[in-house]
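Visitor: the following comprises the amino acid sequence and a computationally predicted model.
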Amino acid sequence: MSESIRRSGEYEHPEGDGQAPAADSVQSADPRGAFAPVNPEWPPPPPYAPGRPFAAGPGADGGQGGADGGGTAALPAYPAGPAHASTSRKRTRGPLALLAAVAIASAVVGGGTAFAFQELTGTHTVAASSTTTTNVVPSSQRGSISAIARAVTPSVVEINATLDNGTSTGSGVVVSSKGEVVTNNHVIAGASSIKVRTSDGTSYTAQVVGTDSSKDLALIKLRNASGLKPAALGDSDGLTVGDQVVAIGSPEGLTGTVTSGIVSALHRDVTVPTDENQGQGDGGWPFQFGGHQFNGDTGSSTTTYQAIQTDASLNPGNSGGALIDASGNVVGINSAMYSANQASDSSNAGSVGLGFAIPVNTVKSDLATLRSGSQN
């Protein structure tokens, strides 16, 4: 944090002949001062009792007592030694007290405790709130594709689902250290078994926790997983057209593939099947956009959601993977892409720069429902 914080626990202890301090050296004891204490017992009271008024004897300096004697002079209630006293001692706070103070202050401002903790400890294990983003990559490397890839690839997994009529390959984003993974519903719909492989090559079996076909989202849980790196979920409402984005997934089973592009458009209406028997088309999951159908027939049972459009290269197998902003926050779950694999001319096959992602704010609003075990 760039702000300079004055520590209210710094007391100067007067030492000397007990004479009144200079008026400009008195420190304010107003509890509404620069920094509120973390708890009522800290900082401890000053080691000296507050000063009391005393009778000033005859003096030659012309104070309120005057040179003619008598009179009383009311001293400040809180003693302080001369500002230049070389023998004063300061009470300092340890880093734990500072950490607690900053976390409390962040909570008062609203919803920032997790972010404050991550920034102070250098870890990123808590998903950001809907209005807060974190710097997953160092600010000096913001926008660096290689830095984003290093930071986020461990949070993206490959998913292989066994279906009655074949297999389905997709990707997923880790949202908890114990193995919760968000993916597209169409990746695991109708699966009799699910296997997941992390970026380091470790394989797990997984079970479905919850599904929401109306948003094409699903939550699966890896069995006996621990210590995984959850992704930082950003704020998709903060995106603007032209923003840089990075996509990470497993197209055609190529785990950890990284591509990049920009946000081409926002709030695109994309229609996808809700019938799990519709299956993957030859060129990927069927969808409708702009009155046209891509990758096959979407069928009669469909749902429509507003998506982020990107020109980052997406191919079959990227479904369920991460769309990431320049700071390393996941801002979307890749869900639909047009692939020209059906073209007779092989030179036209592959990504054509038309991909769509479910905004991460939609994911965050649906996460509690998915965790509850709801399946629809």
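Guide: Done, it's in.
Visitor: helix, strand, or coil at Thr362?
Guide: What DSSP: H, G, I helix; E, B strand; the rest coil gives for Thr362 is helix.
Visitor: need the contact list for the nearest residue to it once chain neighbours are set aside.
Guide: Leaving aside its chain neighbours, Thr362 sits nearest to Lys215 (6.1 Å; criterion: CB to CB, 6 or more residues apart in numbering). Every C-beta, even on glycine, is put in place using the N, C-alpha and C of the backbone. Going by CB atoms under 8 Å, 6 or more residues apart in numbering, Lys215 touches 185, 303, 305, 358, 362, 366.
Visitor: strands - which of these land there?
Guide: If you go by DSSP state E, the contacts of Lys215 have 303, 305, 358 in strands.
Visitor: looking at these, state which has the most neighbours.
Guide: Ile358 (26 neighbours; other CB atoms under 10 Å).
Visitor: nearest to Gly253, of the contacts of Lys215?
Guide: Asn185 (20.1 Å; CB to CB).
Visitor: separation between the closest one and Gly256?
Guide: Asn185 sits at a distance of 23 Å from Gly256 (criterion: CB to CB, to the nearest Å).
Visitor: okay, these two: which has more neighbours?
Guide: Neighbours of Asn185 and Gly256, each counted by other CB under 10 Å, are more numerous for Asn185; the result is 28 against 19.
Visitor: OK, contacts around the closest residue in space to that one that isn't next to it in sequence?
Guide: Closest residue in space to Asn185, ignoring its immediate chain neighbours: Ala218 at 4.4 Å, by CB to CB, 6+ apart. Applying CB under 8 Å, 6+ apart to Ala218 gives the contacts 182-185, 187-189, 208, 210-212, 370.
Visitor: in strands, which of those appear?
Guide: Using DSSP E, the subset of those located in strands is 182-183, 208, 210-212.
Visitor: and Ala191, what does it touch?
Guide: With contacts defined as CB under 8 Å, 6+ apart, the neighbours of Ala191 are 161-163, 168, 208.
Visitor: among these, which are in strands?
Guide: Among these, DSSP E puts 161-163, 168, 208 in strands.
Visitor: take those residues and write them to TSV, including pLDDT and neighbour count.
Guide: Formatted as TSV, those follow (pLDDT from 0 to 100; neighbours: other CB atoms under 10 Å):
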residue	pLDDT	neighbour count
Ala161	96	24
Thr162	95	13
Leu163	91	17
Ser168	91	25
Val208	98	19
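Visitor: out of these, which comes closest to Pro273?
Guide: Of all these, Ser168 has the smallest distance to Pro273: 13.2 Å, by CB to CB.
Visitor: dig out what that closest one forms beta bridges with.
Guide: Beta bridges link Ser168 to Ala161 when assigned by DSSP bridges.
Visitor: which stretches of the stretch 101-250 of the chain form strands?
Guide: For the stretch 101-250 of the chain, the strands defined by DSSP state E, counting those that start in this stretch cover 156-163, 166-174, 180-183, 193-197, 203-212, 217-222, 244-249.
Visitor: contacts for the first one next, please.
Guide: It refers to strand 156-163. 167-174, 181, 183, 187-188, 190-199, 206, 220, 231, 248-250, 253, 255-256, 279, 317, 320-322.
Visitor: now these: which count as buried?
Guide: Neighbour counting by 16 or more other CB atoms under 10 Å classes 168-174, 181, 183, 187-188, 190-191, 194-199, 206, 220, 231, 248-250, 255-256, 279, 317, 320-322 among the contacts of strand 156-163 as buried.
Visitor: re earlier: could the strands of the stretch 101-250 of the chain go into JSON lines alongside distance to Gly291?
Guide: Compiled in JSON lines, those are given as follows (distance: least, CB to CB, whole Å):
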{"stretch": "strand 156-163", "distance to Gly291": "30"}
{"stretch": "strand 166-174", "distance to Gly291": "27"}
{"stretch": "strand 180-183", "distance to Gly291": "28"}
{"stretch": "strand 193-197", "distance to Gly291": "35"}
{"stretch": "strand 203-212", "distance to Gly291": "26"}
{"stretch": "strand 217-222", "distance to Gly291": "25"}
{"stretch": "strand 244-249", "distance to Gly291": "26"}
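Visitor: now Thr274: phi and psi?
Guide: Main-chain dihedrals, Thr274, degrees, to the nearest 10: phi -110, psi -10.
Visitor: residues contacting the residue lying closest to it once chain neighbours are set aside?
Guide: Sequence neighbours aside, Ser213 is the residue nearest to Thr274 in space, at 4.2 Å (criterion: CB to CB, 6+ apart). The neighbours of Ser213, taking CB under 8 Å, 6+ apart as the test, are 185, 189, 274, 276, 303, 376.
Visitor: do I have it right that the third one meets Thr298?
Guide: In other words, Thr274. No. Here Thr274 lies out of contact with Thr298, judged by CB atoms under 8 Å, at a distance of 9.4 Å.
Visitor: from the contacts of Lys215, which is closest to Phe289?
Guide: Phe289 lies nearest to Tyr305 out of these, by CB to CB, at 11.5 Å.
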